[in-house]
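Asks: one predicted model, sequence on top.
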Amino acid sequence: MKSKYKNKSILITGGTGSFGKSFIKYLLKNKYPFKKIIIFSRDELKQHEMSQSLDFDDKKFGQLRYFIGDVRDKDRLNWALKEVNFIVHAAALKQVPTGEYNPFEVIKTNIVGSQNVVEAAIENNVEKTIALSTDKAVSPVNLYGASKLCSDKLFISSNNIKGKKKISFSVVRYGNVMGSRGSVLPEFIKQSREGYFKITDKQMTRFNILLPEAIEMVTWALDNTIGGEVIIPKIPSFKITDLAKSIDNKLKFNFLGIRKGEKIHEDLISKADSLNTYDIRKYYLILNQEKSLINFYKKKFKAKLVKDGFYYSSDNNKDFLDQKKLKKIISNFKF
């Protein structure tokens, strides 16, 4: 499958973020034969620090290109996408509280930025674009989630406006990435050193995915998608209180009440989505109602439509991580 990428180029927006760096490291370690791997981000310092790391040494890895740019700037995207074959769109403003107090900025990056990626991809004949999404895009109650839902719709619907061009747009949607920047784990580690945990609600649950699993999803999408899919992983959930106890079960909880824009439980598939959701064993797929797309997955992956009324939320999940399993996962992180 790697041979399809020989002498091709890939651009990663948000390439200096938690996912971007890990994904690029995976491509290099596994010797994907890309001609160019373009790290597109707006942070000059992060790009400099990344280029100085042995994992991303551009002298050792000659295919790396560092490109300063912002998805809000379509002209810059067009410049970066010349002769690019694949895009992984990971750039986003993703902090829920920040989004509630800076709504216009979230719109500019998460919605207008996504539109810019789509338009630039079409104009530059980019073969395949994979956009990263979030569980917060399902039945959203905060601006971040609503902006990502809009972004998802932009990418999926853009398969209808590409004309006869052989290009495609797909979405990968997953839950909280354990240990990533801005996630709850590093915050709880910090709080444990201060002597107590700040928890918004004792009933709260979240989905959990590890970075290697997220990377596997994106590589699967690059290898297999044909356009119009939303790909959803089958992942475990955990209780927020169990995560805290797995770090230190002797510390007290300080319950603060849920924050603006926060949900008690997160969703990956809503009941409304069940009408178009298919099970391919490894993943769930939300497919639009185009018959050729559905037939492709039925034939190649034996896709089966889920039961009417099916929904997938962090509290009704059959797979829950207990404190023992959480401790084992946490032991692999260094903070």
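Replies: Sure, I can see it.
Asks: burial count for residue 223?
Replies: For residue 223, the count of nearby residues is 12 (other C-beta atoms under 10 Å). The C-beta positions use only the backbone N, C-alpha and C, and glycine is treated the same way.
Asks: quickly find the element holding it.
Replies: helix 211-224 (DSSP states H and E).
Asks: state the mean pLDDT of that helix.
Replies: Helix 211-224 shows a mean pLDDT of 97.
Asks: ok, residues contacting it?
Replies: Contact with helix 211-224 is made by 1, 4, 18-19, 22-23, 26, 86, 88, 128, 130, 132, 170, 172, 174, 177-180, 229, 231, 233, 235, 282-283, 300, as judged by C-beta atoms under 8 Å, 6 or more residues apart in numbering.
Asks: what pLDDT does residue 146 get?
Replies: 97.
Asks: now residue 75
Replies: Listed pLDDT for residue 75 reads 98.
Asks: just the buried ones from the contacts of helix 211-224?
Replies: Buried by 16 or more other C-beta atoms under 10 Å: 18-19, 22-23, 26, 86, 88, 128, 130, 132, 170, 172, 174, 177-180, 229, 231, 233, 235, 283, out of those.
Asks: out of those, name the ones that lie in helices.
Replies: 18-19, 22-23, 26 (DSSP state H).
Asks: does residue 100 lie in a helix or a strand, and which?
Replies: Assigned by DSSP H and E, residue 100 falls in helix 96-101.
Asks: repeat that for residue 51.
Replies: Applying DSSP H and E as the criterion places residue 51 in helix 44-52.
Asks: so which elements touch that helix?
Replies: With contacts taken as 3 or more C-beta pairs under 8 Å, 6 or more residues apart in numbering; DSSP states H and E, helix 44-52 sits against strand 36-41, strand 64-68.
Asks: got the angle for that helix vs strand 64-68?
Replies: Angle of helix 44-52 versus strand 64-68, following axes from the mean of the first three to the mean of the last three C-alpha atoms, to 10 degrees, is 170 degrees.
Asks: what comes up buried for helix 44-52?
Replies: 46-47, 50.
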